[in-house]
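**Q** Structure, please.
(2 chains)
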Amino acid sequence: MTTNPFAQLLEDADPATAAGWTDHPPRVGFFTDTSVCIGCKACEVACKEWNHVPEDGLRFTGMSYDNTIGLGADTWRHVAFIEQEKRIGRQVTGAATSDGDRGDDDDGHAVRWLMSSDVCKHCTHAACLDVCPTGALFRTEFGTVVVQEDICNGCGYCIPACPYGVIDQRRGDGRAWKCTLCYDRLGVGAEPACAKACPTNSIQFGVLDELRERADRRLAQLHDAGIGDARLYGRDPEDGVGGDGAFFLLLDEPEVYGLPPDPVVTTRDLPQMWRRTASAAVLLAGLVGASFLRRTR
Amino acid sequence: MNRTEVTTDGLKGARPDREATTGVNTGPGTPDLPTTARRRRGGERPVVPDAEFRSYYGQAIINRPVWESRDIAGYLFLGGLAGASSLYAAVSQLTGRRRSARVAKVTASGAAALSLAALVHDLGRRGRFLNMLRTFKPTSPMSVGSWLLAAYGPATTLAAASEVTQLLPVVGGLATAGAAFLGPGVATYTAALVCNTAVPAWHDGYRQMPFVFAASAASSAAGVVLAASPVAEAGPARLLGAVSGAAELATGEWMRKEMGLAAEAFDEGKASRYHRLSRPLLAAGVLGAVAGRRSRLAAAAGGAALFAGSALTRLAIFHAGLVSAADPRYTVVPQRERLARVGGETTRAGERGPGPGER
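**A** A predicted model of the protein is given here:
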């Protein structure tokens, strides 16, 4: 893809190196294994406490045990909750319906709760960072993506650019906010608050390469155990965003958890957008010029 | 309840921690169930991907753009009007049409000034608008546009001021030429700006939208000149208005035809109202431009219709984006189709293939 003027930007495997960091620490991230998530929301609380994230609305959604709804300026960790009439592997639920029916084979109706703690993906190719006109969003030495709140002028461009719906504008503040992967904690060698607080190790923090290996082993383990629904999301460095710094083990399709099934960084199409824009500008000039060519006034 | 004991053979009964395999019957006393039945009930997924669309309680996947319709849809229109007017003004002046040149220069400077006001007004932190010029990033159309406007805005002001006061004609001429040079870029870069997002009805139109914006910019500029210049000088505006109005209709149809599912967003909510209103207005504008040669009234009405039709085109595109951002269907369905095209379930980007439990 030598014709792509942004080739360097899109193809360097290590985002910190591509951003110009030399002699930087290894890229870190999260592996969120949702198969052991119990939906306790300790991650949401720990994140708010550590990062002083304001209250994000005391609403009752009536849709599930999830009243947080989704990621935003004031929600940097979000625990999704899904109830399905389906089993996890060979699970015995013992569950009965309200009329006492235990299903056709005595061990109860198929029912499972899927819980997943969502977070900023810290993409290898981050659209929010690419479109930020002020340079407020930047790539840290750890390969993560952080907003500098003293520079952001609240233009809002990063918000529709994010293919995951992570970053958002804080009401009454005007600036864009999102997960920093606890940049301040990383700086002193501590792990992010959510991972620290997670009681089941569903949120695992570490060097990304190690997390990917661990995730592959875990996937194989679950598949061997007959849990064929398990799949990794955001682990593949060849995907539309070059792989996520925060990736997941899911038990159903990504969209069931509110995640896009095949996100692509919009910057990938930008060279063609610029070419087409240039062509359109030339055509516009030609059109206006040509309308003066006729003799009649 | 697991209890860990340290024995001479090592740990016994240790908790599996994160290696826990939920849903696997391994403990004593669990019924020995026929494996095949379990697998059929639990682990298996259909070979063909689900045709039905699934989502997280219908919640949006991407976050809603926070841009105000008045500011940003307004800017998409005003930027186009200004850019095309600057170009029109310069060619008008070169060909000796002083009065339509003056109309176009004043229009360009007014639209450019309003554009800047709208852009600053839409910022979450208005006092920091100068941060836009803190860096230059070709990966951000907004950054490129900020630099473009930083040069273009003052040029239109100088050109109009010189025109109106008849002072400093050389500076005014240079400013007119400069604004004309930058104008087409100002009019079209906004297409790259909105397309360079994850919003389906914007992004999926990126191949055509710059041409829609170019045509729409020409329509609005021709509309103003048609409505505000004498018939004798408005010949080029009539031709431009007729051609660009028709081109705006045609490129708009082309864009919606090519963008797939996202085109349906133009038939929902406010987008639908604006979209349905813009087409007859543009058609009327084309007719008015053609008839404007004989009738000053027809020219004025046609000009107004082109102006309004162009504004509604931008409003329709802006609101179609909001519609497509709010409904997860617009994000999920095209991405699922893309995955199915590149090889289906087993080679999905970002996911691993099915495990033994599925075979």
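**Q** Can you name every helix or strand that the helix or strand hosting B:Gly80 contacts?
**A** Per DSSP states H and E, B:Gly80 falls inside helix B:74-94. Secondary-structure packing of helix B:74-94 (3 or more CB pairs under 8 Å, 6 or more residues apart in numbering or on different chains; DSSP states H and E): helix A:270-290, helix B:98-122, helix B:141-165, helix B:169-195, helix B:209-228, helix B:235-258, helix B:296-326. C-betas here are computed from N, CA, C, even on glycine.
**Q** deepest of those, which one?
**A** Highest mean neighbour count among the helices and strands packed on helix B:74-94 (mean count of other CB atoms under 10 Å in any protein chain shown): helix B:209-228, with a mean of 31.
**Q** Touching, B:Val91 and B:Ala180? I think so.
**A** Yes. Using CB atoms under 8 Å, B:Val91 is in contact with B:Ala180, at 7.5 Å.
**Q** so where's the chain shaky on pLDDT?
**A** Here I'm looking at chain A. Along chain A, the model assigns pLDDT under 70 to residues A:1-12, A:98, A:100-107, A:295-297.
**Q** To clarify, I was referring to chain B.
**A** Checking chain B against pLDDT under 70 turns up B:1-3, B:23-51, B:344-359.
**Q** Go again with 90.
**A** Along chain B, the parts satisfying pLDDT under 90 run over B:1-52, B:230-231, B:292-294, B:342-359.
**Q** looking at this, A:Ala80 is in a strand?
**A** Yes. Counting by DSSP: H, G, I helix; E, B strand; the rest coil, A:Ala80 falls inside a strand.
**Q** ok, back up a step: make JSON lines out of the helices and strands packed on helix B:74-94 and add distance to A:His223.
**A** JSON lines is the format used below for the helices and strands packed on helix B:74-94 (distance: least, CB to CB, whole Å):
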{"stretch": "helix A:270-290", "distance to A:His223": "38"}
{"stretch": "helix B:98-122", "distance to A:His223": "49"}
{"stretch": "helix B:141-165", "distance to A:His223": "44"}
{"stretch": "helix B:169-195", "distance to A:His223": "40"}
{"stretch": "helix B:209-228", "distance to A:His223": "44"}
{"stretch": "helix B:235-258", "distance to A:His223": "41"}
{"stretch": "helix B:296-326", "distance to A:His223": "36"}
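**Q** Leaving out chain neighbours, which residue sits closest to B:Ile62?
**A** Leaving aside its sequence neighbours, B:Ile62 sits nearest to A:Gly165 (CB to CB, 6 or more residues apart in numbering or on different chains; 4.3 Å).
**Q** hang on, that neighbour packs against A:Pro263?
**A** No. Using CB under 8 Å as the test, A:Gly165 is too far from A:Pro263 to be in contact (10.0 Å).
**Q** Next, the distance between the ends of stretch B:89-109.
**A** Stretch B:89-109 has its terminal residues 11 Å apart, counting by CA to CA, to the nearest Å.
**Q** Of all the residues in stretch A:42-54, which ones are buried?
**A** Along stretch A:42-54, these residues count as buried under the neighbour rule (16 or more other CB atoms under 10 Å in any protein chain shown): A:Ala42, A:Cys43, A:Glu44, A:Ala46, A:Cys47, A:Lys48, A:Trp50, A:Asn51, A:Val53.
**Q** hang on, the earlier thing: of the helices and strands packed on helix B:74-94, give the one that comes closest to B:Ser69.
**A** Relative to B:Ser69, the nearest member of the helices and strands packed on helix B:74-94 by CB to CB is helix B:296-326, separated by 6.1 Å.
**Q** Burial check on A:Arg175, number of neighbours?
**A** Here the count is done by other CB atoms under 10 Å in any protein chain shown, and A:Arg175 has 22 residues near it.
**Q** Just list the residues touching the spatially closest residue to it that is not a sequence neighbour, thanks.
**A** Closest residue in space to A:Arg175, ignoring its immediate chain neighbours: A:Cys152 at 4.3 Å, by CB to CB, 6+ apart. Counting by CB atoms under 8 Å, 6 or more residues apart in numbering or on different chains, A:Cys152 touches A:Thr134, A:Ala136, A:Leu137, A:Arg175, A:Ala176, B:Gly124, B:Arg125, B:Arg128, B:Asn131.
**Q** Tell me the residues of the stretch 151-300 of chain B that contact chain A?
**A** Proximity of the stretch 151-300 of chain B to chain A (CB under 8 Å from any CB of the partner chain) is limited to residues B:184-185, B:187-189, B:191-193, B:195-199, B:202-203, B:206-207, B:210-211, B:213-215, B:217-218, B:221-222, B:232-233, B:235-237, B:239-240, B:243-244, B:247.
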